[in-house]
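[1] kindly return the folded structure for what I paste below:
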Amino acid sequence: MRIILRTFADYREITGTKEMLIDLKEGQTMGGLFTVLTCKYPPLRRQMFQDSGDLRQFVIVLVNGRNIEFLHGMDTRLEEGDVVALFPPVAGG
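    Modelled structure (predicted):
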C-alpha cells in the first residue's frame, strides 16, 4: 500500500522534502511506519523519540488530520492513500 507523508519544519530539513510517497506492507501501523522512517532517516529517531521509544512531548502526528494520540497511538493502522503529517515541537511567542 502507498501512503503520503508530509513533514514540517525540522523534519522537512531531515528528510529533504515536504511530501513523499511511502510504500508499506498492507496492515502496517504507525509504529511500522516510524521503523521504516527512522532507518532511512536516523536523525528523526533522535528528534522525535525519547530513549524509552516514546514520542517526545509536543510532537504532533496526524493521520488524515486526526492526532494519533486520540486514535490508537503507535498501533494506529494505516490504509492505502492515508496522509500522515509530522510536526515537531514549536516554541515561540
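
[2] please enumerate the strands of this protein.
    2-7, 19-23, 60-63, 66-67, 83-87 (DSSP state E).

[3] can you tell me which of those comes nearest to residue 54?
    strand 60-63 (12.2 Å; CB to CB). To be clear about C-beta, it is placed using only N, CA and C from the backbone, and glycine gets the same treatment.

[4] any chance of the strands of the chain in TSV with distance to residue 43 and mean neighbour count as columns?
    Formatted as TSV, the strands of the chain follow (distance: least, CB to CB, whole Å; neighbours: other CB atoms under 10 Å):
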stretch	distance to residue 43	mean neighbour count
strand 2-7	12	17
strand 19-23	16	12
strand 60-63	17	18
strand 66-67	23	12
strand 83-87	13	19
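
[5] between the ones you listed, which one is nearest to residue 41?
    Closest approach to residue 41 among these (CB to CB): strand 2-7, 9.4 Å.

[6] run through who's touching the closest one.
    Applying CB atoms under 8 Å, 6 or more residues apart in numbering, the contact partners of strand 2-7 are 14-15, 17-24, 33, 37, 78, 80-86.

[7] please apply the same query to stretch 41-61.
    10-11, 14-15, 30, 34, 37-38, 67-69, 84-90.

[8] stretch 66-83 too?
    1-4, 6, 24, 27-34, 60-65, 84.

[9] try 10 Å
    Applying CB atoms under 10 Å, 6 or more residues apart in numbering, the contact partners of stretch 66-83 are 1-6, 19, 22, 24-35, 53-55, 59-65, 84-85, 87.

[10] check stretch 84-91 too.
    The contact list for stretch 84-91, computed with CB under 10 Å, 6+ apart, reads 3-15, 19, 22, 30, 33-34, 37, 44, 47-48, 56-65, 67-68, 76, 78.

[11] go with 7 Å
    The contact list for stretch 84-91 (CB atoms under 7 Å, 6 or more residues apart in numbering) reads 3, 5-11, 33, 47, 56, 58-63.

[12] which stretches of the chain form helices?
    Secondary structure of the chain by DSSP state H: the helices cover 10-15, 30-40, 42-48.

[13] dump those into TSV; add mean neighbour count as well.
    Below are those laid out as TSV (neighbours: other CB atoms under 10 Å):
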stretch	mean neighbour count
helix 10-15	18
helix 30-40	16
helix 42-48	16
